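1. got a predicted structure plus its sequence, pasted below:
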Amino acid sequence: MSSIFLTRLFRFFILLLFQVLVFNQVHLLGYITPLVIGYMLVCFHRGTSRVSLLLWGFAIGILFDMFSNTAGMGAASCTLVAMVQPILLDFFLPRDAAEDFTPSLQTIGFWSYSLYVLILMFILHGAFYLLDAFMLADWPLTLISIAGGTVLTTILTIFIELLVRSHK
């Protein structure tokens, strides 16, 4: 097996473990829950095939659903993020970027990386909480959950990125 696959698998299980055991228990103001499992989808490099990315997104989401009892909302939202990620990544890449370009704080800069993560986390939380609310009967709470979860997860993702990349 390739080292990239094993690194992704290890990162996936660590993120899933932290998401299920720690972050699913965090409910700021009763509504804001971070979905740091989305960090896994942020880290895919430019040359990853669409099929591979969609399969990883679905696998991340379905395992999150299994342990969080969210009935497919994680699978749908993670698959949507996996579908959008390559398109969004192209907006933040330098023009002469290599095929194996990996987005990080060092490669695209703090503000570009933060905006990249913020947009992906907004899509993840938007899809997740809109599927959760379904009828938008209580739309202000849904908007609070989306906005708060997006901001909190973006901050946590940047901290995780700083921890992961500082050891390399």
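-> Arrived safely.
2. contacts and neighbour counts: CA atoms only from here.
-> OK.
3. list the residues that contact the residue most central in space within the chain.
-> By Cα atoms, centre = their mean, the chain has its centre lying nearest to residue 38, at 1.6 Å. Applying Cα atoms under 8 Å, 6 or more residues apart in numbering, one finds that residue 38 lies in contact with 78, 121, 124.
4. ok, now how distant is it from residue 96?
-> From residue 38 across to residue 96, the span is 27 Å (Cα to Cα, to the nearest Å).
5. and the helices in the chain, which stretches?
-> Using DSSP state H, the helices of the chain run over residues 3-21, 39-42, 50-68, 73-92, 105-108, 110-133, 139-166.
6. of those helices, which is nearest residue 33?
-> helix 139-166 (5.5 Å; Cα to Cα).
7. report the buried residues of the closest one.
-> Across helix 139-166, burial judged by 16 or more other Cα atoms under 10 Å covers 141-143, 145-158, 161.
8. same deal with stretch 4-24?
-> 11-12, 15-16, 19-20, 23.
9. for the record, mean pLDDT for it?
-> Averaging pLDDT along stretch 4-24 yields 84.
10. can you list contacts of it?
-> Applying Cα under 8 Å, 6+ apart, the contact partners of stretch 4-24 are 33-37, 40, 60, 63-64, 67-68.
11. pull out the buried members of those.
-> Looks like the contacts of stretch 4-24 have 33-37, 40, 60, 63-64 buried, using 16+ other Cα under 10 Å.
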